[in-house]
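In: build the 3D model from these lines:
(one chain, ligands or ions: 1)
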Amino acid sequence: MFISGLKKYLFDFYILFRFFISVIKRYGFIKGVSNILLYFKHKQNLFRDLPNRYIKKGSFIFVVPDVPPVNTKDFIKYLINDLALQLNKQKPTLLFSIICISSVCPYKCRYCYNISSHTKEQQLSFEVIIKTIEELIKLGVKNIYLSGGEPMMRFEVIIEILKKFSNQGIGFWLVTTGWGLDKEKAITLENLGLRGVMISLDDVVPYRINNIKGKAAFENAVKAIKAASETNLVVVADCVVHKDMLKVENFEAYISFAGSIGVDFINLYAPRIKEDMANEELRNLSVSELRQIGYLAKQNQTLSKYLQLPLAYSPDEFESRRGCLGGEVFFYIGPDGSVKACPFKEKVIGNVKNKNIADIINEYRSSNEKEYCAVNSLLVQEKWD
Ligand code: SF4
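Out: Below you'll find the model as predicted:
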């Protein structure tokens, strides 16, 4: 369900009020008011990025999947941390983590960032997964993305994770191709507290997806989206953008199709294709093409014609303005246990099979190492605004 118009403005006012009170509590009245004024003048204040609608699922209201629901204390904490980050250069707090619980996958996606780690047998034990999640929660992580390979190939492990960490206020998400996800399984996952699913869907043209990923990938993704949309799970479509999607009419067709099958949010990702994996359908984009993704997302977030359609975001556009978030607000644990600041960074900074994730993260953070993916390097060189 979408929240827009007057209802949304009233809700924005409520968020602002809670933010105001929390800042005053933290800094005192005079310093608090001055900080709020400075934050609102700041080019990067998060209120500037608010879209024209929110999405309500069950008792939660979402503005974007990666941050806590807007009607929770954690969201206000997130805003306060951002104020401290922008005004006082305080270190960002960890928001989420991606953990690849499966190294097995039925597909061979051309753009997969960990295809070289796929194996026939699972590589991470259940015990290591649980211990790593426990430590991430202690470090303050609020959202955990269970990815793969294909995580649904370890359905029983997903169930055990959800049972183990239920009622801890953590948002668990499934990052999946949609393989094996039917309505019955979606209901089971919802009942165990899964917050949402992120299902890969790059296009409305089946052969394009099946050509890039493998047989029946499009049909399976659509079935899974429809199944999940019949529950209160948040449904996100992860879309790796190809050049034809940059045309407004194709983008609109994609958004309409996604809306018609029950998608709530769309993550628009720039492709990061190794040269030998690129083909006519999918290749890396130029700076102006990357800018176009940000433009389309902004149109989607602000124009009234999209009010009843899924909300689209471009993480690349956001990071081109705010800086690379890998290793700042999130970490990535690959199917073989190797840890990176982001799946698109080359450097492995440790392995959870032989070291605690907390120690790996602490060592990384004190080393001050910087590494950027090609997309971010391109976009930061040529600022978008
Ligand atoms: S390396 Fe690139 S994709 Fe990864 S967090 Fe940084 S900017 Fe984003």
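
In: measure stretch 33-49 end to end?
Out: Using C-alpha to C-alpha, to the nearest Å, the end-to-end distance of stretch 33-49 comes out at 21 Å.

In: buried residues, it. List them.
Out: Within stretch 33-49, the residues scored as buried using 16 or more other C-beta atoms under 10 Å are 35-36, 39, 45-46. In this view, the C-beta of every residue, glycine as well, is placed from N, C-alpha and C.

In: so which of those comes closest to Asn81?
Out: Nearest to Asn81, judged by C-beta to C-beta, of the buried residues of stretch 33-49 is Leu46 at 10.4 Å.

In: distance of the residue of the stretch 1-150 of the chain found nearest the ligand relative to Ala374?
Out: Per C-beta to the nearest ligand atom, Tyr113 is where the stretch 1-150 of the chain lies closest to the ligand, at 9.4 Å. The spacing between Tyr113 and Ala374, counted by C-beta to C-beta, to the nearest Å, is 13 Å.

In: overlap in contacts, those two.
Out: Residues touching both Tyr113 and Ala374 (C-beta atoms under 8 Å, 6 or more residues apart in numbering) are Arg272.

In: circling back: quickly find the element holding the residue of the stretch 1-150 of the chain closest to the ligand.
Out: For Tyr113, there is no helix or strand it lies in under DSSP states H and E.

In: going forward can the numbers begin at 35, since that is how I track them
Out: All set: I'll call the first residue 35, so the last point we hit is now Tyr147.

In: wait, isn't it in contact with Lys379?
Out: No. Tyr147 lies out of contact with Lys379 (C-beta atoms under 8 Å); the separation is 9.9 Å.

In: how about the strands in the stretch 285-419 of the chain?
Out: 299-303, 345-347, 364-367, 372-374, 384-385 (DSSP state E, counting those that start in this stretch).

In: go on, the stretch 85-234 of the chain?
Out: 88-91, 94-96, 130-134, 177-181, 205-210, 228-234.

In: so what's the residue count around the residue of the stretch 35-184 of the chain closest to the ligand?
Out: Using other C-beta atoms under 10 Å, Tyr147 is surrounded by 19 other residues.

In: for it, which non-adjacent residue is spatially closest?
Out: Nearest residue to Tyr147 in three dimensions, chain neighbours excluded: Pro377, at 4.3 Å (C-beta to C-beta, 6 or more residues apart in numbering).

In: OK, contacts around that neighbour?
Out: Neighbouring residues of Pro377 by C-beta under 8 Å, 6+ apart: 132, 147-148, 366, 368.

In: show me the helices in the chain, by range?
Out: Secondary structure of the chain, counting by DSSP state H: helices at 39-61, 63-75, 107-122, 160-172, 189-198, 217-225, 240-247, 251-263, 282-294, 321-336, 349-356, 391-401, 408-415.

In: quick check, pLDDT for the one residue sitting closest to the centre of the chain.
Out: For the chain, the residue nearest the mean C-alpha position is Asp100 (4.8 Å; C-alpha atoms, centre = their mean). At Asp100, the pLDDT value in this model is 90.

In: residues contacting the closest residue to it other than its chain neighbours?
Out: Spatial nearest neighbour of Asp100, chain neighbours left out: Phe130 (6.0 Å); criterion: C-beta to C-beta, 6+ apart. Neighbouring residues of Phe130 by C-beta under 8 Å, 6+ apart: 100, 175-179, 363-364.

In: next one: Glu264
Out: 217, 220, 296.

In: touching, the first one and Ala261? I think so.
Out: In this case it means Lys217. Yes. If you go by C-beta under 8 Å, Lys217 and Ala261 touch, sitting 4.2 Å apart.

In: which one of these two is surrounded by more residues?
Out: Using other C-beta under 10 Å as the criterion, Lys217 and Ala261 rank with Ala261 on top: 22 against 15.

In: quick check, the more buried one in contact with Ala220.
Out: Yes. Ala261 is within contact range of Ala220, at 4.8 Å (criterion: C-beta under 8 Å).

In: near the ligand, which residues of the stretch 235-384 of the chain show up?
Out: 353, 358-360, 376, 378-379 (C-beta under 6 Å from any ligand atom).

In: I'd like these as JSON lines, with neighbour count appended.
Out: Below are these laid out as JSON lines (neighbours: other C-beta atoms under 10 Å):
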{"residue": "Glu353", "neighbour count": "20"}
{"residue": "Cys358", "neighbour count": "21"}
{"residue": "Leu359", "neighbour count": "18"}
{"residue": "Gly360", "neighbour count": "20"}
{"residue": "Cys376", "neighbour count": "22"}
{"residue": "Phe378", "neighbour count": "19"}
{"residue": "Lys379", "neighbour count": "20"}
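
In: just send those back as TSV, with pLDDT and distance to Ala118 too.
Out: Listed next are these as TSV, based on pLDDT from 0 to 100; distance: C-beta to C-beta, whole Å:
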residue	pLDDT	distance to Ala118
Glu353	90	20
Cys358	89	19
Leu359	90	16
Gly360	92	20
Cys376	95	23
Phe378	91	27
Lys379	91	26
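
In: the helix or strand bottoming out on mean pLDDT in the chain near the ligand at all?
Out: When the helices and strands of the chain are compared on mean pLDDT, DSSP states H and E, helix 408-415 comes out lowest with a mean of 78. Yes. With C-beta under 6 Å from any ligand atom as the criterion, the ligand is reached by helix 408-415 at 409-410.

In: who's in contact with the closest residue to Leu359 other than its chain neighbours?
Out: Spatial nearest neighbour of Leu359, excluding adjacent residues (C-beta to C-beta, 6+ apart): Glu353 at 5.8 Å. Neighbouring residues of Glu353 by C-beta under 8 Å, 6+ apart: 359, 410, 413.
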